[in-house]
Each structure stands twice: as structure tokens, then as C-alpha cells.
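A.B. asks: Quick check, what structure comes out for this input:
(chains A, B and C)
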Amino acid sequence: PVSLADLASLEFSSLLPPHGVYRARILSVRPWSPHTRLGQIGLGGATSGEAGDAVVVELKGLWADKAMRRFRKGDVAILLTKGADVIEAKGKKRAGAAEKEQAVRLRYSRGLTGWIRRMDGSEEVLRYEVATSNPAPTVRAKRLHPPEAMDVDSPLPLSTSKSSPALVAHPTKVSPPNEGSRSKKRRRREEQLGWGFETADKMTYTTLDKLGDIVEKTDRTKLQTLRVNIVGVIVDAGEVKAPRVAGRDWYRSFLITDPTRLDSSIEVQWYAKGEGGLPEPHVGEVFVARQLAVHDIAPATKTSTRCWRIRLGEEELKYAARVARFFAARAKASTPSAAEGAPMVPPGAAILPPSLAASVTEHLKKRTSAAGSSREFLRIEQIEEGKFCDLLGMVTKLHSDTALTSLSPHQAASLYITDYTPHPLLHDYPSPSSVGLPSRLTLQVSLFGSQAAPLAALINPRTGEATRGALVFLRNVRIKANESGELEGTMVEERKFAGRTDVEVVDLRRKAHEERWGERARQVQRRHREYWAARSLARH
DNA sequence: GAACCACAAACCTAAACGGT
DNA sequence: ACCGTTTAGGTTTGTGGTTC
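C.D. replies: Residues are numbered from 1 along each chain as shown, chains lettered A, B, ... in the order given. Got it, this is the predicted structure:
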């Protein structure tokens, strides 16, 4: 037996006892990655878990994939030292500071033998070896690069001596990203393909640059029945608009482009009977529409009379992916140079040429000025349906089916907050309430996608519950009524403003937070105290 | 043309760091 | 102890070259 502490104190390149065995608890597992062909398990003391005896065991090679799947956190691993190498701790130690020892790393590149003792007491044997160049037939046509070179992490001198002569003989030049032969080839292929396409069942998807022609060539009389199929990328998501006259449709207009129409966008208007019928488009997403009515082409406006969700066929998906790829590559190519040139461009413009970016900026300006940036910082008693507002409140409950940090844009966490001001249109919870407070004091806010992520900090890992009473600030909450007419809040992920946090856990000890919310927060806390004081009085 | 390999840079993330 | 920032480190994406 070799003690873990002995292992942990080994120096780089020192030799391991060839027939040693060591035992330790698995503290962490990093899964095997096909690219690096490496998996890691962190080991600590089997019994006491004393400090200073941390060892990281790495399994490298194709064989390690299977092996890594068997390690679980908490199990005890009993491993032979046979086949292990002590490798250099990576990274430079910080000068001066950090006498802290880095964990010794043991690497198994040629296989591993040992046991696992599961937490339930069961034991399993571990025996892995480098797959030795398989049955002969596959190896018959032997490559110049021997197969074992990819399985084994060859020691340094060997690899250099092997590769450097080749390198010296053929100094290869490397093109910048997206300018290499592969990229060029891909572009050529795409150019040849052109944009727009026709499905197997003769459905033609029109490119956006042709819309003008199509409209011109169509009789005025037939214009009303003209329908087109299009694929475009959303460059401005627009926003939900309530009907101007009661009884008419809700609508949302957003802007799209495609590779054939890079210097101006097309506006899509989406109408629905209710607010819920409207889509939630995000900048950068691909928009596919069949049978869209073309309304007017002067500033290129299109209107669809009926909307329904469609299931895309393989060809449509493929084409949509191509369009998305086109814009993604474009965005990548343009951002480095644009970084210094344009400071205040709207985020959506990142994927656009400057000419179009300007038009989007204008559109945004028009919209915001028309809508009026009238968002207010409200108390819950002041909220109104259909309005956007900022809120500061205390958490009474937080619920999510999925981890808060990994919600998809269509999943929501339910946050219940109160600022101890009542609103007549809030749900009237019963006296011992599931959400923390009875009566009409708590507002439920649905946080979609990444909006919920900041709240992960409130979750107690032990209980899985959020700390109650924590102060949170919610920026730009949309207040709407549910089926029964009660008010709720929603916050959707705005990819346009990715990186901005609309949800913030307030910590008054922090200067910035104190300055920004201190006053409001103390009002909430005062009402909180008064509420509970009154209740305890009533009880006695 | 596809499937490899080796290598490099960009990208992402979890742990370490360091101030309060 | 807490919390934002930094950083080490892997992961992803892309390159040229080779072989089938």
C-alpha cells in the first residue's frame, strides 16, 4: 500500500513504486473528452479527508472513455500505481505568493487496474488496457502515423523527434480563420448553390431581394392573393403592441434580412387575437414563413393574414441553417474591426453591415421615442396590466423544475416576491400560504431562460430552497393578467441585450447597491417589520 | 470528398484569488 | 463568510496535411 499523502508529496518525474496500491475517495470527476482523450478524477483522503493529500488522476487515451464512465463522486477508488506517471503541475505558480501545493497529477496513458467501492458497499473491478492495434485486417494497410501514437500520450522527446523533422521539411503556413482552404471551398460551394431554394414538393422559397420584382410583376388585382415563402434572419425583434382600437388584433412587427438583402431589411407584421398568440422573436434567430402575404413593397412591408406554427422539413431546416451560418460567419469576420469603429451600435447590428445597422438604429429610435421610455420604478400596489416597470421586493418563494442556470428560453422559473404593499388584482392566497404570505401581497414573476440565472445564488445547496426575505431587483418586468384576470409578471430573455442582467440579488452591504436601492430597500424592510409586528400582536 | 491527425487560437467555465 | 474578478484549464472551432 502507498498512502495518499505520500503520493501527494511526490515531485514531478519522480518514480512510483511499480507495484504500489493506493486508496482514496473520489472527490470530483471530470468527464472524458473525445478531443483531448482525457478524463480526470480528483482524489482525497479515504478516511479522514485530511488536507494536503489531494491527488488528481488522469486517464488518457481512447480506453479512458469507458473507464471514466464508471467513476462516481463519493465512491472509493483503489488503484494500482502500475502504468502511472507523475506529471508536471500545469500553469506557473504565482510569484511570491501561493506556497499552496498544487495537487499532484498521476496520468495513466496505457491502461488502469484497480477496484471501485461504491457508496452502497458493492465493489467492481477496473481493468483497462490500451486497445492493441485490433484484428490484423484493419491494420493491414498501415499508415505512416502509427495508430499507437494517438492512443498513447507519447513522452516529450519522442514526439518532438518525430514531428519536428517533418515540420522543418515542410514549414506549413496557416491562414487566418475563415480564410483557409476549407472555408474558401465552403464559400465557393455556397455561391454555386445560391440563395433561395425549392423543396422536393415544388415549394419555392423566395430570396428577399426578389420580393420587389415579384410584386411589380403581379397584377394589382392579384396582389391580394399573392403569397410567398421566405427564410430570413431577425435583426430587430420589435415589441408587442396592444390593439389601438379595442377589439382589434394585437400585433408585433420585427425586421428580417437574408444574404441577398443586406443593406435593407424587411418588416414582418404578426397579428394575433390575443397577446399570447404573438411570437417572441430574438435577434439572430432564423424566421421561416410559408404563405406569407405581401402587403406593400415601397418600404417593403409584409403582412400575413393568418399565422400558424409549421413543422419544418429537412430541406427547410438545412437551408435555415445555411442562412444562420452565413450571418454567424459574417458577424465573426466583422466584429474585430468594428470594435473600435462604432461604439454605440445596437447589439443587433453586430451581425449587420454598417449601412443596415444605421437603419436598425433609426428603427429603434423611432420605436423607443414612440413608446416613450416611460418605465417606472413601482411598488407592487402601483402595478398595472400591460405596463413595464422596475420592482424591488423580497423573495417569498422560488420554484423551478430545472436548474436556474440552465433554463431554456422557453422554460421559466417562478419567483414570488412581495414589497408588503397589497394590490387588489393579485391572487388571494389562503392563510397558511404556499408562497409565504397570505392574501394579495405576493406577485408571481415568471423568469424565462437566462433571466433566472442570477437567482441561483439564493439557493441553499443543502435544502434546495431559496433564502426567503432576500431582496431582489427586477428590471423591466412586464405585467400581464392571467386567465383569471390576476396580475403576474414576466421577464423574457432578450438575446438583443445578452449579458445584461435584469434580475439582481440586492446586497446592501455593497456600496453600489446601497446607493442605488438603499432607500427603497429600507422602505420595504420597514413595511416588512411592521407587517410581522402587526401579525404577532394580532395573535396574542 | 470524407475521415483522420497534429496543432493553434478562440471560447467558455469552474475554481482560485483577494478585497470587504 | 461573502462576492466579484481573475485565471487556469479544458472545449470548440478552425487550419494544413495525409490517407483512403
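A.B. asks: Can you name the residues that contact the residue nearest to A:Met203 when sequence neighbours are not counted?
C.D. replies: For A:Met203, ignoring the flanking residues on the chain, the nearest one in space by Cβ to Cβ, 6 or more residues apart in numbering is A:Asn229 at 6.0 Å. Every residue, glycine included, has its C-beta placed from N, CA and C. For A:Asn229, the contact set (Cβ atoms under 8 Å, 6 or more residues apart in numbering) comprises A:203-206, A:289-292.
A.B. asks: which among these end up buried?
C.D. replies: With burial judged by 16 or more other Cβ atoms under 10 Å, the buried subset of the contacts of A:Asn229 is A:205-206, A:289, A:292.
A.B. asks: Among these, which one lies nearest to A:Glu514?
C.D. replies: For these, the minimum distance to A:Glu514 (Cβ to Cβ) is 49.6 Å, reached by A:Ala289.
A.B. asks: Return the residues in contact with the closest one.
C.D. replies: Contacts of A:Ala289 (Cβ under 8 Å, 6+ apart): A:229-231, A:268, A:304.
A.B. asks: quick revisit: from the buried ones among the contacts of A:Asn229, pick the one nearest DNA strand B.
C.D. replies: A:Tyr205 (23.1 Å; Cβ to the nearest atom of the strand).
A.B. asks: Not including adjacent chain positions, what is the nearest residue to the closest one?
C.D. replies: Nearest residue to A:Tyr205 in three dimensions, chain neighbours excluded: A:Asn229, at 4.6 Å (Cβ to Cβ, 6+ apart).
A.B. asks: quick one: the one you found and A:Glu280, what's the gap?
C.D. replies: 22 Å (Cβ to Cβ, to the nearest Å).
A.B. asks: ok, the helix or strand harbouring A:Asn476: who's next to it in the sheet?
C.D. replies: In the assignment (DSSP states H and E), A:Asn476 maps to strand A:471-481. According to DSSP bridges, strand A:471-481 forms sheet pairs with strand A:388-399 (antiparallel), strand A:487-491 (antiparallel), strand A:503-505 (antiparallel).
A.B. asks: returning to that earlier point: which pair of the contacts of A:Ala289 spans the longest distance?
C.D. replies: So, the contacts of A:Ala289 by Cβ to Cβ: farthest apart are A:Val231 and A:Ser304, at 14.6 Å.
A.B. asks: More neighbours: which of the two?
C.D. replies: Each of A:Val231 and A:Ser304 has its neighbours counted (other Cβ atoms under 10 Å); A:Val231 has more, 25 against 19.
A.B. asks: which one of the contacts of A:Ala289 sits closest to A:Tyr108?
C.D. replies: Set against A:Tyr108, the nearest of these by Cβ to Cβ is A:Val231 (50.1 Å).
A.B. asks: what's the closest one in contact with, if anything?
C.D. replies: A:Val231 makes contact with A:205, A:258, A:286-289, A:316, A:319-320, A:323, according to Cβ under 8 Å, 6+ apart.
A.B. asks: Can you tell me which of those residues has the most neighbours?
C.D. replies: Of all these, A:Asp258 has the most neighbours under the rule other Cβ under 10 Å, reaching 24 neighbours.
A.B. asks: show me what contacts that residue?
C.D. replies: Contacts were defined as Cβ under 8 Å, 6+ apart; by that measure A:Asp258 touches A:195, A:207-209, A:230-233, A:323.
A.B. asks: Can you tell me how far A:His513 is from DNA strand C?
C.D. replies: According to Cβ to the nearest atom of the strand, to the nearest Å, A:His513 and DNA strand C sit 8 Å apart.
A.B. asks: same question, A:Ala24
C.D. replies: As judged by Cβ to the nearest atom of the strand, A:Ala24 and DNA strand C stand 19 Å apart.
A.B. asks: That residue: how many residues sit nearby?
C.D. replies: Using other Cβ under 10 Å: A:Ala24 sits among 25 other residues.
A.B. asks: In a strand, it, correct?
C.D. replies: Yes - under DSSP: H, G, I helix; E, B strand; the rest coil, A:Ala24 falls within a strand.
A.B. asks: in the sheet, who's paired with it?
C.D. replies: Beta bridges link A:Ala24 to A:Ala77, judged by DSSP bridges.
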